[in-house]
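Engineer: Whatever this is, show me its structure:
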Amino acid sequence: MMKPLSFVCAVMMALPNVTAADDTSVGYYYPEITSQESFDRVLGLEFTASAELRSRFITTLTKSRFESPANPNYVVFAKGSNAQKLIIVALEDEVFDTIYRARAVLAQLTANLRAGLFKDDEKLRVAGTFYDLLQIMEFETLVITDGKTWSHKVYFERP
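Structural biologist: Okay, the predicted model is just below:
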């Protein structure tokens, strides 16, 4: 009886390592994933995204960051064969020194979207978030990281 239980425990303890090994960006673009969540809300909009559209979105977002009078303190880029993996990495220690500050940046991106892209759609302007936009654009994941000690991964699930 003890051997099967030991085997199950050993397998369960190895699972995070298997997951990290499957993520080829770990150790290159960001440190090990330390927390994760799933986002499965769908606002019911008819929209078809493409790798080109996701790449243009990232280019526009990056361009606006570099045109800002303040130095960019984080970078945004997409990876994967279809540009479906969004990564946000802090360039300065204080920017994302906690997950709460990282979420504050995501909230600011949401506010910017509501005033910009979402302004003509009542449903999006009131309820839409940065996660909703990523879901609509068919991103698979978002990783936000301090680039040093932690990484938070969001999985975008579609029903």
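
Engineer: got a pLDDT number for V11?
Structural biologist: You'll see V11 listed with a pLDDT of 32.

Engineer: Over to E138?
Structural biologist: With respect to pLDDT, E138 has a value of 88.

Engineer: how deep is it tucked in, by neighbour count?
Structural biologist: Residues near E138, counting by other Cβ atoms under 10 Å, number 18. Where C-beta positions appear, they are placed from N, C-alpha and C, glycine not excepted.

Engineer: Next one: it relative to R54, how far apart?
Structural biologist: Computed with Cβ to Cβ, to the nearest Å, the distance linking E138 and R54 is 7 Å.

Engineer: list residues touching both of the two?
Structural biologist: Residues touching both E138 and R54 (Cβ atoms under 8 Å, 6 or more residues apart in numbering): Q84.

Engineer: And the residue nearest the centre of this protein?
Structural biologist: For the chain, the residue nearest the mean C-alpha position is L142 (1.7 Å; Cα atoms, centre = their mean).

Engineer: where along the chain do the strands fall?
Structural biologist: Under the criterion DSSP state E, strands of the chain are mapped to 35-39, 74-79, 85-90, 141-145, 151-156.
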